[in-house]
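> okay, predicted coordinates and the sequence, questions at the end:
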Amino acid sequence: MRISEGWLEGGARCPSSHCNERPAECDVSLLVIHNISLPPGEFGGGYVQPFFTGQLNPSIHPYFAEIADLRVSAHFLIERDGTITQFVSCNQRAWHAGASCFGGQENCNDFSVGIELEGADEVPYTDAQYRVLVRLTKALQCAYPAIENHRITGHEFIAPGRKTDPGPAFDWRRYLRALVCSSPAQELH
């Protein structure tokens with residue numbers, strides 16, 4: 001995997017208008033991991049793509065009527081089978097973190113990349129998701145060297161009390177160990 005000019009080379013794209021320019025003084029230096037499932041706790045419906053692009057049909061499910069007007073996005077979605085979709089260039093500001101703070105710096109959207117894992121706080125993530133997440137993280141770290149391992153966090157840590165994802169089901173130890181143990185050369189192919 002390789003990031004070129006903000007986009008994952010050869011990756012699926014589903015462009016979202018739910019983004020804007022980053023402030024000029026903000027370099028990409030943080031990776032935020034999230035989870036999402038639509039409807040909550042259900043996987044594989046294909047509703048995240050229309051949600052992140054403002055095309056979610058509110059009549060399909062009662063929950064969708066509550067969220068259809070929200071303007072949110074992330075840079076990437078990794079589905080249960082490991083499929084990656086990119087919605088926003090990493091060089092732009094996706095709307096994934098909301099009110100947030102990391103290391104005393106507020107507005108994490110300004111300087112972060114957001115990766116959504118199709119999942120729920122209490123549901124174990126798949127082996128395919130961890131494999132792809134590690135490869136994507138390595139590609140992001142090559143393109144944006146300021147995203148060091150200690151600058152990878154979960155939504156729950158930058159918006160405590162407001163957000164709970166990726167939740168207790170996310171195995172931080174497994175993920176971070178895989179980042180340390182994998183070689184950059186292996187992960188870029």
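Structure received.
> would you map the helices across the chain?
48-52, 62-67, 127-143, 155-158, 172-181, 184-187 (DSSP state H).
> ok, which of these comes nearest residue 87?
Of all those, it is helix 48-52 that lies closest to residue 87, at 5.0 Å by Cβ to Cβ. The way it works is simple: take the backbone N, C-alpha and C, and place the C-beta from them, glycine included.
> for that closest one, C-alpha coordinates in CSV please.
Output of helix 48-52 as CSV, limited to C-alpha atoms (Å, rounded to 0.1, in the frame of the first residue of the first chain):
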residue,chain,number,x,y,z
VAL,A,48,-21.7,3.8,5.6
GLN,A,49,-20.9,5.0,2.1
PRO,A,50,-24.2,6.8,1.6
PHE,A,51,-24.0,8.2,5.1
PHE,A,52,-20.5,9.7,4.6
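> name the surrounding residues that touch that helix.
Contacts to helix 48-52, defined as Cβ atoms under 8 Å, 6 or more residues apart in numbering, come from residues 14, 16, 18, 36, 38, 56-57, 67-68, 70, 72-74, 77, 85, 87, 116, 118.
> 10 Å instead, please
For helix 48-52, the surrounding residues in contact (Cβ atoms under 10 Å, 6 or more residues apart in numbering) are 12, 14-19, 36-38, 55-57, 60, 64, 67-68, 70-74, 77, 79, 85, 87-88, 94-96, 116, 118.
> apart from its neighbours in sequence, what residue is nearest the residue positioned nearest the centre of the chain?
Central residue of the chain (Cα atoms, centre = their mean): residue 115, 1.1 Å from the mean position. Take residue 115 and drop its neighbours on the chain: the residue closest to it by Cβ to Cβ, 6 or more residues apart in numbering is residue 76, 4.7 Å away.
> ok, the one you found to residue 8 distance?
Distance, residue 76 to residue 8, by Cβ to Cβ, to the nearest Å: 7 Å.
> ok, back up a step: partners of the residue nearest to residue 115 in the sheet?
Beta-bridge partners recorded for residue 76 (DSSP bridges): residue 86, residue 115.
> OK, contacts around it?
Residue 76 is in contact with 8, 11, 34, 84-88, 90, 94, 96, 113-117, 132-133, 136, 140, counting by Cβ under 10 Å, 6+ apart.
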